[in-house]
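Q: what shape does this take:
(chains A and B)
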Amino acid sequence: MARVLTPQAEDFPRWYQDVIAKAELAENGPVRGSQVIRPTGWAIWERMVAEVDLRIKDAGAENASFPLLIPQSYLQREAEHVEGFAPELAVVTIGGGKELDEPAVIRPTSETVIGEFMAKWVQSYRDLPLLLNQWANVLRWEKRTRLFLRSSEFHWQEGHTAHATKDDARAYARRILHDVYEDFMVNVLAIPVVVGRKTVRERFAGATDTYTLEGLMRDGKALQMGTSHELGQNFAKAFDIGFLGGDGQQHHAWTTSWGVSTRMVGGLIMAHGDDNGLRVPPALAPVQAYVIVVKDGEGVAETAAQLHEELKAAGVRVKLDTRTDIPFGRRAVDAELRGYPVRIELGPRDLKEGNVTIARRVDGSKTPVAVGAVAKAVVEALEADQKSLHDAALAYREAHTADAATLAEAIEAAGDGFARLPWADCGVEGENEANAKGVSVRCLVRADGSVPDSEDEAGLVAYLARSY
RNA sequence: CGGGACGUGGCGCAGCUUGGUAGCGCACCCGCUUUGGGAGCGGGGGGUCGCAGGUUCAAAUCCUGUCGUCCCGACCA
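A: Predicted coordinates for the structure are as follows:
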């Protein structure tokens, strides 16, 4: 077979670009750092949106929409926040041909505008918690961009909540972290993640606590797949989000923010993809089953249409391909590039036996199945492949996670995956030293794997890795 | 923003050293033959060589600048 993609082992970054180009997921836009997400890529994102949105609503948050343009002065109200974002802001200074009295920044994130409105909407402790989310695009003038992983403009979901107490805010930030993000990543994306706490150095600008979910890509580098922050009372004070408590006193609210972005598409590609292209977990896949007519013949088109309907009725997301004017090999390779989990191949040869061929993307297997048994076989295959994709990713991560006794050892081990090192043996100095060598502390976790309340807790373990 | 590489039809590249006005593979269109892993043969369309200057009778080839892309590093979802 002709070589379609650069093999991962030969040049991983090149492989990544090849997959995106050949599977027609996305390409660069005309302005540097911008990206065009093509239908195949956007369909994947839409599925992510659907699954995450469902979980966000289960967690009680409501969707709303806030403006793209934010008065520049808003950003300046929270000292660390401005400092963190100032270098990457795009600022609109002219509108309708006239210089604006106050420049407006294109949102890099919406803590500030949303804070302004929360202040209006929250008066009493009875107005809390206020649980908001918006699906939006944001813009950060990135210096070095990569499709999906880091583009200037990207799409995401940003949740913003206000609570009466610190404990309630913390509980909610953690709830999102586990019940929305971790659940989605593990059960839908089939990507095992290390869930932990960011060090002060890696914390979000303006947050008091930042939590993260770190995935391991097939080149041994870590990817931050999502974050959830406790903002303490920083933004509440800056925007005067105050409320009258049951005690008759005025209090500042405690706020949180949390987000996942189109970066997850990049994570999906790099966590599961192989030398034949993308492998999309069935639970996520926009196209789970691909009915493909290999060759025309007696009753072939009819059976294909019938299977298409049957699978649809069985709740499978299915696509029918009857384009016999395009060689079969090309269509099969395309389907593999796009990572469709299951292909149902049929032509005269199969039908003569009363069979079709079920080809599975995960392991490349092909099995003849009786026409009448297709729906059941497909559903079973989808379920099994969801699991095997996850198990393979988990096995990969375990094989690429090393326990290190010293910082030097950890930096060495981080060349090929996660290195675990007691935080006590690393510390801020160790973190700086590792950073100088291209290795960062991805997060801190407790010995039992749970998420710490503070980085000063005893017995914490640091996960170090090279990262995207 | 620092270091390196590179910009030539949609994609991948050759041509540049030794200036003379553009070529190959894939893709695309038409026809026939094909169709069980990116089909074969024949015919055809498409680029002025990232952009802007300069040198020259003449520039894809030389010089300057600029923009962009990719890789590595500093910063981020």
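
Q: show me the contacts for A:Leu149.
A: Residues near A:Leu149 by C-beta atoms under 8 Å, 6 or more residues apart in numbering: A:Leu223, A:Arg263, A:Gly266, A:Tyr468. The way it works is simple: take the backbone N, C-alpha and C, and place the C-beta from them, glycine included.

Q: if we use 10 Å, what do you get?
A: A:16, A:217, A:223, A:261-267, A:269-270, A:468 (C-beta atoms under 10 Å, 6 or more residues apart in numbering).

Q: swap in A:Leu216?
A: A:191-194, A:222-223, A:267, A:270-271, A:393-394, A:396-398, A:400-401, A:417-418, A:442, A:463, A:465, A:467.

Q: mind listing which of those residues are in strands?
A: Among the contacts of A:Leu216, DSSP state E puts A:Val193, A:Val194, A:Ala222, A:Leu223, A:Thr401, A:Phe418, A:Arg442, A:Tyr463, A:Ala465 in strands.

Q: just give me the closest of those residues to A:Asp209.
A: Using C-beta to C-beta, A:Arg442 comes nearest to A:Asp209 of the ones in strands among the contacts of A:Leu216, at 15.7 Å.

Q: any idea how far the closest one is from A:His272?
A: Here A:Arg442 is placed at a distance of 20 Å from A:His272 (C-beta to C-beta, to the nearest Å).

Q: ditto for A:Leu389
A: Applying C-beta to C-beta, the value for A:Leu389 to A:His272 is 6 Å.

Q: now do A:Glu302
A: Per C-beta to C-beta, A:Glu302 is found 35 Å from A:His272.

Q: for A:Ala405, same thing?
A: Taking C-beta to C-beta, one finds A:Ala405 at 32 Å from A:His272.

Q: cool, and A:Val318?
A: According to C-beta to C-beta, A:Val318 stands 21 Å off from A:His272.

Q: quick one: which of A:Ala405 and A:His272 has more around it?
A: Comparing A:Ala405 with A:His272 by other C-beta atoms under 10 Å, the one with more neighbours is A:His272, at 25 against 10.

Q: distance from the one helix or strand A:Ala304 maps to to the middle of the chain?
A: Per DSSP states H and E, A:Ala304 falls inside helix A:300-313. Helix A:300-313 sits 33 Å away from the centroid of its parent chain (C-alpha atoms, centre = their mean, to the nearest Å).

Q: same check, this time on stretch A:444-457
A: Using C-alpha atoms, centre = their mean, the offset of stretch A:444-457 from its chain centre is 23 Å.

Q: report the backbone C-alpha coordinates of that stretch in PDB.
A: Listed next in PDB are the C-alpha coordinates belonging to stretch A:444-457 (Å, rounded to 0.1, in the frame of the first residue of the first chain):
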ATOM      1  CA  LEU A 444       0.700  17.500  42.300                       C
ATOM      2  CA  VAL A 445      -1.400  14.600  43.600                       C
ATOM      3  CA  ARG A 446      -1.700  12.900  47.000                       C
ATOM      4  CA  ALA A 447      -0.200   9.500  47.500                       C
ATOM      5  CA  ASP A 448      -3.600   7.900  47.000                       C
ATOM      6  CA  GLY A 449      -4.100   9.800  43.800                       C
ATOM      7  CA  SER A 450      -6.600  12.300  45.100                       C
ATOM      8  CA  VAL A 451      -6.300  16.000  44.500                       C
ATOM      9  CA  PRO A 452      -4.600  18.100  47.200                       C
ATOM     10  CA  ASP A 453      -6.100  21.200  48.900                       C
ATOM     11  CA  SER A 454      -2.700  22.900  49.000                       C
ATOM     12  CA  GLU A 455       0.700  22.300  47.700                       C
ATOM     13  CA  ASP A 456       2.000  22.400  51.300                       C
ATOM     14  CA  GLU A 457       0.400  19.100  52.200                       C
END
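
Q: quick one: mean pLDDT for it?
A: On average, the pLDDT along stretch A:444-457 is 96.

Q: buried set for it?
A: Using 16 or more other C-beta atoms under 10 Å as the test for burial, stretch A:444-457 gives A:Leu444, A:Val445, A:Arg446, A:Val451, A:Pro452, A:Glu455.

Q: tell me, which of the contacts of A:Leu216 make contact with RNA strand B?
A: Residues of these in contact with RNA strand B (C-beta under 7 Å from any atom of the strand): A:Ser467.

Q: quick one, which of the contacts of A:Leu216 are buried?
A: Buried members of the contacts of A:Leu216, scored by 16+ other C-beta under 10 Å, are A:191-194, A:222-223, A:267, A:270-271, A:393, A:396-397, A:400-401, A:417-418, A:442, A:463, A:465, A:467.

Q: what's near enough to touch A:Thr208?
A: So A:Thr208 contacts A:Lys166, A:Ala169, A:Arg170, A:His229, A:Glu230, A:Leu231, A:Gly232, A:Gln233, A:Asn234, A:Trp254 (C-beta under 10 Å, 6+ apart).

Q: check A:Arg349 too.
A: A:Val294, A:Lys295, A:Gly297, A:Asn355, A:Thr357.

Q: so which of the residues you listed are in strands?
A: Those of the contacts of A:Arg349 lying in strands (DSSP E): A:Asn355, A:Thr357.

Q: now the stretch 51-200 of chain A, which segments are flagged as low pLDDT?
A: Low-confidence regions of the stretch 51-200 of chain A, defined here as pLDDT under 70, do not occur.

Q: quick one: the strands in it?
A: A:62-63, A:69-71, A:91-95, A:98-106, A:130-139, A:153-163, A:193-197 (DSSP state E, counting those that start in this stretch).

Q: any idea how far RNA strand B is from A:Leu149?
A: 7 Å (C-beta to the nearest atom of the strand, to the nearest Å).

Q: and that residue, its phi and psi?
A: The phi/psi pair for A:Leu149 (degrees, to the nearest 10) reads phi -80, psi -40.

Q: quick check: closest non-adjacent residue to it.
A: A:Gly266 (4.1 Å; C-beta to C-beta, 6 or more residues apart in numbering).

Q: near RNA strand B, which residues of the stretch 351-468 of chain A?
A: Residues of the stretch 351-468 of chain A lying close to RNA strand B by C-beta under 7 Å from any atom of the strand are A:Leu351, A:Thr357, A:Ala359, A:Gly364, A:Lys366, A:Asn435, A:Ala436, A:Lys437, A:Gly438, A:Arg466, A:Ser467, A:Tyr468.
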